[in-house]
Every structure is written in structure tokens, then in C-alpha cells.
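Asks: just coords:
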């Protein structure tokens, strides 16, 4: 098969050729944004799911959908080592400059830029990583108290007013939200709550690992009333099959039914893994149709590619004790597992490994579906740990 024509695209946040099985959530977000544009309230949306389910791809597609519908957007990713004000301020500046070009929103957008100037100036003391030039003079008393919660609320209220005057919506898209520090997350929730109370067309569409739901609740008790938390999971068998077969059909190539069934079985329907198996099955096959034997041959190369990239990049961030903890988890299967069972597997007490567990949660490697339970955030990581560390 021609490698140049291979339609599959495994990669971090790379859009697959067929975004199968996600129409409902895209529609939900589109309705939310359209309601805001018409002056009607709707909840913000925080998507939660494991690694490899396509949250980043969805977030970017939703942003494209929003902009195509006339909304103004901000897109940021929350890294582990930067503050929310530092990553939000530069992108919000760009959105406000665009709003300032709309005549009926111009004055309000300029006011929002002046609020942003005050916001940045006041918070530089506490958040030294803020680096942004503002083309406006700060207005004393506007978003410049030096308190993140009150200043962010004032800032977003000004931005929301500008969007309202422009008869549009301002939508903030944030990826990897589980890395936002709790007090900063609380300030963001409080600011959005204020905008909702004022009836302003500003919303947050976010994505993060499953622990995001608990983090939101810890940050502000009313978060569940402000957000919907749709779970983004593996694709069902029909959608997974479509994600594999449709891109090939577009290139004039077909799969036999058994080949498709094997790919769905190996990948468990996770979108990233579907792209890996599709890519390697295509490269392995000599001609159409792609057969079950082709998939068998591709499985080893697909696993090797995952081990050296998708899985390895996460393993290399871990300490020896953290790797040992995950290997003990893996010995018990995909999970979730009781913390006591993992400790027993390690031959120690729960209290002794509690710091290791907390560190792995902070690094986004595991999460707690229920009190005392522990699960991997990366699908199939248990199988990888057994391959990479055959002996516990």
C-alpha cells in the first residue's frame, strides 16, 4: 500500500480523518454557544476523560465550530508550571482587540483592554510569569485590586459586556484543566458565575482528566450547578469501525469484517489507538482489502510505536518508586483497584505508599474514581507496564 496515501494520523491532538461518534457533544456545545449569542443562559461544559480519547481534538473542533458560527474564542492549554493569569492574559488580549474592531462594541472592548492592563499590573507581584504587553492604559479601580478572584471577575465581566454589545459570545477553550492550581481554578469559576449572574455571553468549554470533576467541586462548591461534565470515553463498536473504515474508503481501500473486528478489539475503541492500528495496518497490507492477517502483522508494530511514544513519554517522567507502584497496579489488571490491594501487592502498608499515590495523581497518571479506589488515566497502561517491566 502507498504510505504517502495513508490517511491515518496518530499524534497528540492531531485531528483524525473521520471524527466518528462525537456528534452529540459537538451539538451540545453548539447549542450552548447559540443560546449565549441570543442572550439566553446555558451551562459551561467541562469534558472529562482518559488520555487518548480525543479530548484535545474535540476541543479544537468545537472551537472551529464556534468561530464558524460567529463566536469569538480564546484557546489555551494549562501546563503544570504556569499560572492561569499568565496563560489567559495574552490570548484574552487578542480576543479583545478583535472585538474592538466591531464598531458597536469598540468602546466596551477598549474598556476591557484597560481592565486587562490593570489586571496584569496588579497581579504581577503574585504571578511573576505574566508577560504580556497591553495597548491600553489601565483605568484605576478596574480589575486592579491584586486579588485574583475579584479582579478576574471584573475583567471577564468587561469582556463579556463587549461581546454582548457585539451581539456575539466570547468562549474560552481550555485544555488540560486538571493542572490549574485549585485557588486559581476557584477564581475562574467565581468569575464565570459572576458573568452568568449578569447574563453576559461568556462561557468556558474545557477538557481534562477525570479528576477534573472533583477538583472543580473542591475549588467551588457550586461548580456542579455552573458546569456540565460530559464523560468522553472510548467509541462504541460502530463508531470505532467507522473511524477505521471511512478514511480507507475515501482512498478506495476496504477492510474485511474480521480485520475491523480485530482492530476494535485490540484498541478497545480508544480513538488514538484506532489511528495507530489503522496506520500500521495500512502500511503492512500489500493491497486492498486489508485482511485479518494484515492486522495481526500490524499489531506488533503498533504496540512498539505506542511503547516508544505514547506510553514511554509518560513513563520517563516517573521516579523509580512511582514506576514500582504502577507496576503493582498493572499486576492487578486494568482496574480500578483498592489502594489496600495495591499496597498488599507491594508488600507494604497503605500509609507508606500514600505519598507516591498522591504524586502520581498530581502528575496525571492515576485518579480516584471513588474514595479509596485507584485507576490509570492512560488506557492500556497496565499492559504496557507488564511489557516494559516483566517482573514486579
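Replies: In hand now; what should we look at? These numbers come from a predicted model, not from an experiment.
Asks: where in the protein is pLDDT low?
Replies: The chain contains residues with pLDDT under 70 at 392.
Asks: Quick check, central residue of it?
Replies: For the chain, residue 207 is the residue whose C-alpha lies nearest the centre (C-alpha atoms, centre = their mean; 3.4 Å).
Asks: Residue 96 - how many residues pack around it?
Replies: Residue 96: 30 surrounding residues under other C-beta atoms under 10 Å. From N, CA and C alone the C-beta is placed, and that goes for glycine too.
Asks: Could I get the contacting residues of the closest residue to residue 341 other than its chain neighbours?
Replies: Closest residue to residue 341 apart from its sequence neighbours, by C-beta to C-beta, 6 or more residues apart in numbering: residue 332 at 6.1 Å. Shown in contact with residue 332 (C-beta atoms under 8 Å, 6 or more residues apart in numbering): 341-342, 345.
Asks: just residue 246 next, same as before
Replies: The contact partners of residue 246, by C-beta under 8 Å, 6+ apart, come to 17-18, 20.
Asks: Of the residues you listed, which belong to helices?
Replies: Of these, none are assigned to helices by DSSP state H.
Asks: Just to confirm, what's the three-state secondary structure of residue 45?
Replies: Here residue 45 is strand, with the state taken from DSSP: H, G, I helix; E, B strand; the rest coil.
Asks: list the contacts for it?
Replies: 28-29, 32, 203-206, 227-230 are the contacts of residue 45 under C-beta under 8 Å, 6+ apart.
Asks: Run through the bridge partners of it.
Replies: Taking DSSP bridges, one obtains residue 205, residue 228 as the residues bridged to residue 45.
Asks: and the gap between it and residue 207?
Replies: Using C-beta to C-beta, to the nearest Å, we find residue 45 at a distance of 9 Å from residue 207.
Asks: same deal with residue 161?
Replies: Going from residue 161 to residue 207 by C-beta to C-beta gives 27 Å.
Asks: okay, now the domains of this protein?
Replies: Residue ranges for the domains of the chain, per automatic domain parsing: 3-13+235-308, 23-228, 312-388.
Asks: which of the contacts of residue 45 are buried?
Replies: Neighbour-count burial within the contacts of residue 45 applies to 28-29, 32, 203-206, 227, 229-230; the criterion is 16 or more other C-beta atoms under 10 Å.
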